[in-house]
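J.: Curious how this folds, go ahead:
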Amino acid sequence: MKKIPVAKEAKRLLLLPLAIFVVSLFFGLRILCLLSLLFFAFLLYFFRDPERNTDIGENFLTSPADGRVLRIEPASFENFGLEKCSLVSIFMSPFDVHINRSPAHAQILELRYLKGAFKGAFKKGVERLNERNYILMQARGKKILVIQIAGFLARRIYCYLKEGMEVKRGERIGMIAFGSRVDVCLPEDYDIMVKEGEKVKAGITPIAKMRGGL
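T.: Now for the predicted structure:
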């Protein structure tokens, strides 16, 4: 298992289909054997955690999640010191990699987890209604807010961070089990580089560039 690139949250879950497989094999239950193997393969695929490496300039921000850009719109999060910002929403389907990554080399300023509803993550406004985790970071003197949002199927948000720690761009910062949405709120002096409907990959796809940067 150490050589298989899967998220650490999956390793305990994988024991269940393996146990069912062994028991069904012992008793000659062929259908249950097959189903347990299929479930095992599904978990391996869903919780896959491939290595990512991006070599671009410091003025760029990369996507915090795999998925499709749902919408790009102006927003305001005054409680986090972002009165005017650009909100980029990324919807993760059950077929996307669900590991979330830092969009920049940054310091974690604040973590804030809020309980809420489990409405469809594609709906507008769920970033203030659904169960969610706010990650406020500072990169090159600018505040950036990443929001992990639970959806209709997603019932568990994982965050690997602590306040005050420093992260590198592309570093794993958490995951949301069984699909959902990740939003990133950028200051006005960043130019958005993606469009609605575009497919992005965490730690690889550049989504914004600091204005005036090289």
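J.: List the buried residues in stretch 108-117.
T.: When neighbours are counted by 16 or more other C-beta atoms under 10 Å, the buried residues of stretch 108-117 are found to be 108-110. Every C-beta, even on glycine, is put in place using the N, C-alpha and C of the backbone.
J.: Tell me where this protein has helices.
T.: Secondary structure of the chain by DSSP state H: the helices cover 10-26, 30-46.
J.: Where among those is average confidence lowest?
T.: Lowest mean pLDDT within these: helix 10-26, at a mean of 85.
J.: Show me what it is in contact with.
T.: Residues outside helix 10-26 that contact it (C-beta atoms under 8 Å, 6 or more residues apart in numbering): 1, 6, 29-30, 32-33, 36-37, 39-40, 43-44, 46-47.
J.: still on that earlier bit, of the helices of the chain, which approaches C185 most closely?
T.: Of all the helices of the chain, helix 30-46 sits nearest to C185, with 27.6 Å by C-beta to C-beta.
J.: that older thread, which one of the buried residues of stretch 108-117 is nearest to V167?
T.: Among the buried residues of stretch 108-117, I108 lies closest to V167 (C-beta to C-beta), at 6.7 Å.
J.: Does the closest one touch Y160 like I think?
T.: No: I108 is beyond contact range of Y160, at 10.4 Å (criterion: C-beta atoms under 8 Å).
J.: Make TSV out of the contacts of helix 10-26 and add distance to I147 and neighbour count.
T.: Below are the contacts of helix 10-26 laid out as TSV (distance: C-beta to C-beta, whole Å; neighbours: other C-beta atoms under 10 Å):
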residue	distance to I147	neighbour count
M1	31	8
V6	25	19
L29	45	15
R30	46	9
L32	41	15
C33	42	18
S36	36	21
L37	37	16
F39	31	17
F40	32	18
L43	26	17
L44	28	16
F46	22	19
F47	22	22
